[in-house]
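Asker: I would like the atomic coordinates for the input below:
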Amino acid sequence: MPLRNIMHVLFVCWGNICRSPAAEATFRKLVKGQGLDEKITIDSAGTISTHEGNPPDSRMRSAANARNLSIEGSARKVNRQDFTQADMLITMDNFNFSELTKVAPSAEQAKKIIPFCKFVSSEDSEVPDPYYGGPSGFEKVLDLLENGCVNLLEEIKEKLK
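Answerer: Numbers count the residues shown, from 1 in each chain. Here you go, the predicted structure:
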């Protein structure tokens, strides 16, 4: 990761309707709360185009709203430009890590791909996909995102010094 004044973080999950937009919103709220929104830019994308153009999952939005977190935007698929612009491409699970690594334009750009759970304090190795489960799955995702985003921000702040 280059040392510079602005960092761009891209969160990536499968369809870009649950985990990655929730990660984007969670991280954006933290970054704005610390007055760093001019130093850190944030986006999200998916590894598939199935949901492209769709809003975030209504169940994830409801769970997030209960935590005073607003999830917005529309789904899109990761593209070549993302690898150029992003300093970190943060994947929600091992499958997304593998898929993103396959489409990285170069070995150098593939080094930017980082599993989200590297930043969580728990023993979790993946942020589980809540799409086919019940409400507790969305809560679990938000818990992991809240924890990991705090640690991610601390790491980025060190790099921005």
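Asker: ok, which stretches of this protein are helices?
Answerer: 19-33, 58-65, 80-85, 94-103, 107-110, 135-160 (DSSP state H).
Asker: need the winner for burial among the ones you listed.
Answerer: With neighbours defined as mean count of other Cβ atoms under 10 Å, the helices of the chain peak in mean count at helix 19-33, which reaches a mean of 24. The way it works is simple: take the backbone N, C-alpha and C, and place the C-beta from them, glycine included.
Asker: what's the angle between it and helix 135-160?
Answerer: When axes from the mean of the first three to the mean of the last three Cα atoms, to 10 degrees is applied, the directions of helix 19-33 and helix 135-160 differ by 50 degrees.
Asker: tell me what helix 19-33 is packed against?
Answerer: strand 7-13, strand 40-46, helix 58-65, helix 135-160 (3 or more Cβ pairs under 8 Å, 6 or more residues apart in numbering; DSSP states H and E).
Asker: thinking again about what came up before, would CSV of the helices of the chain with mean pLDDT and distance to Glu126 be doable?
Answerer: Below are the helices of the chain laid out as CSV (pLDDT from 0 to 100; distance: least, Cβ to Cβ, whole Å):
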stretch, mean pLDDT, distance to Glu126
helix 19-33, 98, 10
helix 58-65, 97, 17
helix 80-85, 97, 21
helix 94-103, 97, 6
helix 107-110, 97, 19
helix 135-160, 96, 9
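Asker: now the ones you listed as a markdown table including distance to Ser49?
Answerer: Formatted as a markdown table, the helices of the chain follow (distance: least, Cβ to Cβ, whole Å):
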| stretch | distance to Ser49 |
| --- | --- |
| helix 19-33 | 14 |
| helix 58-65 | 19 |
| helix 80-85 | 14 |
| helix 94-103 | 12 |
| helix 107-110 | 20 |
| helix 135-160 | 22 |
